[in-house]
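J.: Coordinates only, no sequence provided:
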């Protein structure tokens, strides 16, 4: 099948238009669209990295939110410890607590003397020497209430128990107790 001259011209013009459209689209793609695509890809990469950072922060926030009850409990423990550890020597507070413990246990104190303070980095230890008389059971209660005191931090450093030949059930006892204060 042979094409006449008019069909050949139409075919040539059609091919020329198709080639020009293809070249025009290629030019438009490489000059205009390719840089746009590259800038969009760079934006996508930066947004992905930002999303990754934000997701990490979100995970940290969620972890802290899950630990909210633990943090509140820790804060309660710290507040309780702060009440038990004053930031002044508060000798009156120590004596009041000592009198309370002595009354509960029935221990009879004959002498209470403050010792030499010892300062550390975070706290100051304030020792007291207490001479008293009591029975073994009362003394055990006394030591227990001193060590587990809810109002102040106190520690029994040492003690000395002797025998009284005149009254074998009542023992003269010397106790070294330390209380503490928080250094600011």
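T.: Received it, and whenever you're ready, just let me know what you need. Note that the structure is predicted; figures quoted are calculated from it, not measured. Numbers count the residues shown, from 1 in each chain.
J.: And the pLDDT for the closest residue to residue 174 other than its chain neighbours?
T.: Spatially, and ignoring its direct neighbours in sequence, residue 174 is nearest to residue 160 (4.5 Å; Cβ to Cβ, 6 or more residues apart in numbering). Yep, even glycine has a C-beta here, placed from its N, CA and C like the rest. On the pLDDT scale, residue 160 is placed at 93.
J.: Now do residue 42 against residue 36, distance only.
T.: 11 Å (Cβ to Cβ, to the nearest Å).
J.: go on, residue 45?
T.: In terms of Cβ to Cβ, residue 45 sits 15 Å off from residue 36.
J.: now residue 111
T.: Residue 111 is 92 Å from residue 36, by Cβ to Cβ.
J.: Check what contacts the helix or strand of the chain with the lowest mean pLDDT and list those residues.
T.: Lowest by mean pLDDT, DSSP states H and E among the helices and strands of the chain is helix 68-84, with a mean of 81. Here helix 68-84 makes contact (Cβ atoms under 8 Å, 6 or more residues apart in numbering) with 64, 149-153, 182.
J.: mean confidence score for the helix or strand harbouring residue 44?
T.: Assigned by DSSP states H and E, residue 44 falls within helix 34-66. Mean per-residue pLDDT for helix 34-66: 91.
J.: and the angle from it to helix 68-84?
T.: 50 degrees (axes from the mean of the first three to the mean of the last three Cα atoms, to 10 degrees).
J.: how much space is there between the most centrally placed residue in the chain and residue 77?
T.: The centroid of the chain falls nearest to residue 71 when counting by Cα atoms, centre = their mean (7.0 Å). According to Cβ to Cβ, residue 71 stands 11 Å off from residue 77.
J.: ok, residue 32 to residue 26 distance?
T.: Counting by Cβ to Cβ, the gap from residue 32 to residue 26 is 11 Å.
J.: Could you do residue 96 as well?
T.: Noted for residue 96: a distance of 94 Å to residue 26, by Cβ to Cβ.
J.: swap in residue 169?
T.: 113 Å.
J.: At which residues are the helices of this structure located?
T.: Under the criterion DSSP state H, the chain contains helices at 5-28, 34-66, 68-84, 91-105, 136-147.
J.: ok so, going back, looking at residue 96 and residue 26, which has the bigger crowd around it?
T.: Set residue 96 next to residue 26 and count neighbours by other Cβ atoms under 10 Å: residue 96 wins out with 13 against 10.
J.: Next one, pLDDT for that one please.
T.: Turning to residue 96, the model gives it a pLDDT of 90.
J.: same deal with the one 3 residues further on?
T.: The predicted local confidence for residue 99 comes out at a pLDDT of 92.
J.: Give me the phi and psi angles of residue 116.
T.: Dihedral pair for residue 116: phi -80, psi 130, per degrees, to the nearest 10.
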